[in-house]
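Visitor: I'd like to go over a predicted model; first the sequence, then the structure.
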Amino acid sequence: MRKEGKRKMSYYAVSDLHGNYKLWKEIKNFLKDDDTLFYLGDACDRGKNGIKIMQELLDDNRVTYLLGNHEQMFLDATRTKTDDNFYDIYHSELCWLSNGGQPTKEQWSHLSQIDKYNLRKRILQLPIYVTYINTNNNKIVLCHSGLSSEQLLMEMNRKPGNIDLNLYIWNREHIQEERWYYSNSIKDIYIVHGHTPVSVLNHFNIAIKNNKDNKYYRYCNEHKIDIDMGTYATNVACLLNLDTFEATYFKEEDNE
């Protein structure tokens, strides 16, 4: 582990641990009892301990756990099969397994029926996004995949309960946005997200420099902050302090 900035009680965000329990254990032990952690989705798949991490996130009173696209794939693939939805679930399982779901599926198979029911029920209730007003009075929107400033304005004007789920958990279109739209209503808003590893952001926008340092990345006039370290491949995680925008990085040699 290497640390940047001073340690203090605060609000943090982390994302995309993908079954790496060693990193989750380091992070949860780093947090103070009165800290708050926003977990931005994708706790499961790729690594072998996704179910265990999901359960601990749900049981930790310090954690606000947000839905990621891998949690959604898990939900889609583990529905109860009927004659009417058999082929739909079959295709959901193929999508899940082709995106690293096999380790989670294996761990899922060892749960009791009541544990399966309770886990699905709680994951179904995860929020899609949250907002946090930091100590500099900046409004931070936290979600899994990120939004463009135009998409954010549209979402702010949507009727309550009419949320575009895919926009918050699958969206990569917004990465193409190069300049933040400085409307009065969003000029002081920042978006913190995961979903797209910092090392490949430039694949979606050639104006973004190649991030070889494997540190969190600010772009779009610094209004967007990507904290996905590609943990499943790098064994590195970023814990971002939402008041100072300082980072604590955790690194493990072997994924557990």
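Guide: Here it is on my side, so go on.
Visitor: where do the strands sit along the stretch 101-250 of the chain?
Guide: Taking DSSP state E, counting those that start in this stretch to define them, one finds strands in the stretch 101-250 of the chain at 129-133, 139-143, 189-193, 217-219, 224-226, 236-241, 247-251.
Visitor: tell me which of those sits nearest to Glu26.
Guide: The closest approach between Glu26 and any of the strands of the stretch 101-250 of the chain, judged by C-beta to C-beta, belongs to strand 247-251 at 4.8 Å. C-beta coordinates here come from the backbone N, C-alpha and C atoms, glycine included.
Visitor: who are the packing partners of the closest one?
Guide: The criterion is 3 or more C-beta pairs under 8 Å, 6 or more residues apart in numbering; DSSP states H and E, and the helices and strands that strand 247-251 contacts are strand 2-3, helix 21-30, strand 236-241.
Visitor: show me the helices in this structure, by range?
Guide: 21-30, 50-59, 69-77, 86-98, 102-109, 113-124, 149-156, 165-169, 231-234 (DSSP state H).
Visitor: and the angle for the second one with helix 69-77?
Guide: Our comparison of helix 50-59 with helix 69-77, counting by axes from the mean of the first three to the mean of the last three C-alpha atoms, to 10 degrees, yields an angle of 110 degrees.
Visitor: now helix 50-59 - C-alpha only, CSV.
Guide: Extracted as CSV, the C-alpha positions of helix 50-59 are listed here (Å, rounded to 0.1, in the frame of the first residue of the first chain):
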residue,chain,number,x,y,z
GLY,A,50,-17.1,-11.6,-5.5
ILE,A,51,-19.9,-13.1,-3.4
LYS,A,52,-18.0,-12.7,-0.2
ILE,A,53,-17.2,-9.0,-1.0
MET,A,54,-20.8,-8.3,-1.9
GLN,A,55,-22.0,-9.7,1.3
GLU,A,56,-19.5,-7.8,3.4
LEU,A,57,-20.2,-4.5,1.6
LEU,A,58,-23.9,-5.0,2.3
ASP,A,59,-23.2,-5.7,6.0
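Visitor: just the buried residues of that helix, please?
Guide: Of the residues in helix 50-59, those buried under the neighbour-count criterion (16 or more other C-beta atoms under 10 Å) are 50-58.
Visitor: just to revisit the earlier point, pick the most deeply packed of the helices and strands packed on strand 247-251.
Guide: Ranked by mean neighbour count under mean count of other C-beta atoms under 10 Å, the helices and strands packed on strand 247-251 are led by strand 236-241, which reaches a mean of 23.
Visitor: pipe the helices of the chain into TSV and attach distance to Thr196 and mean pLDDT per row.
Guide: Written out in TSV, the entries for the helices of the chain read as follows (distance: least, C-beta to C-beta, whole Å; pLDDT from 0 to 100):
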stretch	distance to Thr196	mean pLDDT
helix 21-30	19	98
helix 50-59	19	98
helix 69-77	11	98
helix 86-98	18	94
helix 102-109	21	98
helix 113-124	22	98
helix 149-156	15	92
helix 165-169	12	96
helix 231-234	13	95
